[in-house]
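Q: got a predicted structure here, sequence first:
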Amino acid sequence: MIWVTQILNGVLLGGYYALLACGLSFMFGVMRIINLAHGDLAILSACLVFLIADTTGISPFVALIVALPVMAAIGWALQRWMLERSLRSGVLVPLLTTFGLAIVIENGLFEYFGADTRSLAPYIGDFAYDSWAITSNIYIGSLAALIFALAVVLLGGLKLFLSYTSLGRSIRATAEDPDTAALVGINTRAIYGIAAAIAVATAGLAGVFLAMRAVFTPYSGPEQLIFAFEAVVIGGIGSLSGTLIGGIVLGVAQTLGAQINPQGFLITGHVVFLAVLAGRLVIAGVRARGGLGALLARRP
Amino acid sequence: MSLLEVEQLDARHGLLHAVRSVTLKIAAGETVALIGANGAGKTTLLRTIAGAHRPAAGRIVFEGDDVSAVPAYGRLRRGIALVPEGRRLFAGMTVKENLQVAGTYGRPGPWNIDSVIEAFPLLRERLNRRAGNLSGGEQQATAIGRALMTNPKLLLLDEVSLGLAPIAVEAVYRSLEKLIASGATIVLVEQDINRALGVASRIACMLEGRIVLEGRAADISREQVTQAYFGLQKARQA
């Protein structure tokens, strides 16, 4: 039974990874930018909500209503004043500027909050450790279930938004070919601003839920970035439904790894990530040589 | 008043001086064919008029307003639409979505998905197909339809017959003739001189970035166009 429980926990943990990876995947899909500050932006949002909850005593869930528009505004401003400029100088420069931004956020947060490990769990009461009994001996955490549901709703909603709204279509057109998008009347600059706002707001959402389900410090960002990156690569970069699957695969691998050996949590996740990556490379190599059939036919 | 006035326009690609002090006036309802060899500057001229390329000098005046500093999306909203060379459809989106996305930002007018299908009946069965999976002729029809969805006052067509089977070219031109008959203002780049002379009311020949021959299609002979195309006139003058 412990294995079933662990797989369930892994799936739910995967929901968190999908939530975290959503913005990373979206920003790459639309703007071709790999945002190395993604994890740190999530932590920034967690710190913001922590500050609100700690000083005013209001629930972190309510504080989210304040924090998400702030994060969206930060995303829009980053695009307008930083990413847009760096994009003009080629593909490597945005990577470097977001890396620099990551360092600035980490050390800025350290300067203000210090090195203490914090959590939002004390501010949400029982909900942090409540669980539901599925059967007499299988329990799932209610917070983990909420995060998973949120990830499904967010990724599904984003997919519907991109498919069926005129703004969504404009975002897809801009993602495919910004030059031509401008020729059909799309203000690509505004679209990039909106896309960055959505990406950073979802990172902020994930950061707050990380802070509820676990602990964080000003330097927690890079580790979250790695998990998000692994989920995105496993699921296929730029694909929203793939991101959910990638998150679940990573989450299940980690919890099963931890079940096999208490130290297996991280290593199993990384191994699965590397295996998927290697598999992708092999498949791409076979395709480049004319497919499996052609490759086998060449053998004597 | 002219619909479009291009005054002393210069455009560059780095060191390459692609368009050299071009002056061109286009009245509403005209169909102007731009003719010239590869590299004569036709595509750059169209892209600069549409706002996709920044001019180095000169002015572009549309309906009496200087639009030289207006970005491409703003010019489209004023009524300038370009069908770019190579069609440049959003390949991952369906034909319908390609049309819809252009219709979002255009001006109000008679063109919508239904009237585009009426003009290009071959698209009816293809609406929900990915644009990238269509044949060349179907893609070209979609590209023209996409530009029409914005209800342009001025339609710029860049090499609409390039890479198409003769039968597809025929279909595209039949639709264009209907469009011209309806009073649309069109500037088209065409390599096929006979086709250009057939549909255009006016001809402008470009050579090395300049307009070297311009006049009513009825007054210009094939020989004059050929001479302008290869720069024989210039050689004779020298």
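A: Looks like it arrived, so ask away.
Q: going forward, measure contacts between C-alpha atoms and count neighbours the same way
A: Will do.
Q: state the distance from B:Ala50 to chain A.
A: 7 Å (Cα to the nearest Cα, to the nearest Å).
Q: mind saving the C-alpha coords of the helix or strand hosting A:Thr180 as CSV?
A: Applying DSSP states H and E as the criterion places A:Thr180 in helix A:178-183. The C-alpha trace of helix A:178-183 is given here as CSV (Å, rounded to 0.1, in the frame of the first residue of the first chain):
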residue,chain,number,x,y,z
PRO,A,178,6.7,38.3,-34.7
ASP,A,179,7.6,40.1,-37.9
THR,A,180,4.5,38.8,-39.8
ALA,A,181,2.4,39.3,-36.7
ALA,A,182,3.1,43.0,-36.8
LEU,A,183,2.0,42.9,-40.5
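Q: in the longest helix seen in chain B, what's buried?
A: The residue-count maximum for a helix in chain B (DSSP state H) belongs to helix B:166-181. By neighbour count on 16 or more other Cα atoms under 10 Å in any protein chain shown, the buried set for helix B:166-181 is B:168-169, B:171-173, B:175-176, B:180.
Q: likewise stretch B:181-191?
A: B:184-191.
Q: related to what we said a few turns ago, how about a markdown table for the buried residues of helix B:166-181, with pLDDT and distance to A:Ala201 added?
A: Compiled in a markdown table, these are given as follows (pLDDT from 0 to 100; distance: Cα to Cα, whole Å):
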| residue | pLDDT | distance to A:Ala201 |
| --- | --- | --- |
| B:Ala168 | 83 | 48 |
| B:Val169 | 86 | 49 |
| B:Ala171 | 83 | 49 |
| B:Val172 | 84 | 46 |
| B:Tyr173 | 87 | 49 |
| B:Ser175 | 83 | 47 |
| B:Leu176 | 85 | 47 |
| B:Ile180 | 86 | 49 |
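Q: tell me which two of the residues you listed sit farthest apart.
A: Spatial extent of those (Cα to Cα) is set by the pair B:Ala168 and B:Ile180 at 18.4 Å.
Q: picking up where we left off before, so which of the buried residues of stretch B:181-191 belong to strands?
A: B:185-189 (DSSP state E).
Q: who's in contact with the helix holding A:Thr180?
A: With Cα atoms under 8 Å, 6 or more residues apart in numbering or on different chains as the test, helix A:178-183 has contacts from A:170, A:173-174, A:187-188, B:50-52, B:72-73, B:76, B:81-82, B:88-89.
Q: ok, 7 Å please
A: A:173-174, A:188, B:72-73, B:76, B:81-82, B:88 (Cα atoms under 7 Å, 6 or more residues apart in numbering or on different chains).
Q: most neighbours among the residues you listed, which one?
A: B:Ala81 (33 neighbours; other Cα atoms under 10 Å in any protein chain shown).
Q: quick one: buried residues of stretch A:62-75?
A: Buried, per 16+ other Cα under 10 Å, within stretch A:62-75: A:63-64, A:67-75.
Q: mean pLDDT per helix and strand in chain B: which one sits at the bottom?
A: Using mean pLDDT, DSSP states H and E, the weakest-scoring helix or strand in chain B turns out to be helix B:232-237, at a mean of 56.
Q: okay, now A:Gly279: neighbour count?
A: Neighbourhood size, A:Gly279 [other Cα under 10 Å]: 12.
Q: pLDDT value on it, please?
A: If you check A:Gly279, the pLDDT there is 93.
Q: which single residue of chain B ends up nearest chain A?
A: B:Tyr73 (3.9 Å; Cα to the nearest Cα).
Q: show me the contacts for the one residue in chain A that gets nearest to chain B.
A: Closest approach between chain A and chain B, counting by Cα to the nearest Cα: A:Gly185, at 3.9 Å. Taking Cα under 7 Å, 6+ apart, we find A:Gly185 in contact with B:73-74, B:76-77, B:102, B:105-106.
Q: ok, now B:Ser201?
A: B:Ser201 neighbours (Cα under 7 Å, 6+ apart): B:30-32, B:216-217.
Q: same question, A:Val11
A: The contact partners of A:Val11, taken as Cα under 7 Å, 6+ apart, are A:248, A:251-252.
Q: most neighbours of all these, which one?
A: Within the contacts of A:Val11, most neighbours by other Cα under 10 Å means A:Gly251, with 30 neighbours.
Q: my guess is that one contacts A:Ala18. True?
A: No - contact between A:Gly251 and A:Ala18 fails when scored by Cα atoms under 7 Å: they sit 9.5 Å apart.
Q: and A:Gly246, what helix or strand is that in?
A: Take DSSP H and E as the rule and A:Gly246 turns out to sit in helix A:240-260.
Q: flag every residue of chain A that's near chain B.
A: Counting by Cα under 7 Å from any Cα of the partner chain, the residues of chain A close to chain B are A:166, A:169-170, A:173, A:176-177, A:180, A:182-187.
Q: is it true that B:Val70 lies in a strand?
A: No - with DSSP: H, G, I helix; E, B strand; the rest coil as the criterion, B:Val70 is coil rather than part of a strand.
Q: tell me, how many residues neighbour it?
A: 14.
Q: and the gap between it and A:Asp179?
A: For B:Val70, the distance to A:Asp179 equals 15 Å [Cα to Cα, to the nearest Å].
Q: in chain A, where is pLDDT below threshold?
A: Across chain A, the ranges flagged by pLDDT under 70 are A:298-300.
Q: centroid-nearest residue for it?
A: Taking Cα atoms, centre = their mean, the centroid of chain A lies closest to A:Ala21, which sits 1.8 Å from it.
Q: residues touching that one, list them.
A: A:Ala21 makes contacts with A:228-229, A:231-232, A:243, as judged by Cα under 7 Å, 6+ apart.
Q: from those residues, which is closest to B:Lys42?
A: Ranked by distance to B:Lys42 (Cα to Cα), the contacts of A:Ala21 are led by A:Val232 at 43.5 Å.
Q: ok, the closest one - how many residues close by?
A: Around A:Val232 there are 31 residues (other Cα under 10 Å).
Q: name the nearest residue to it, ignoring sequence neighbours.
A: Spatially, and ignoring its direct neighbours in sequence, A:Val232 is nearest to A:Thr243 (5.3 Å; Cα to Cα, 6 or more residues apart in numbering or on different chains).
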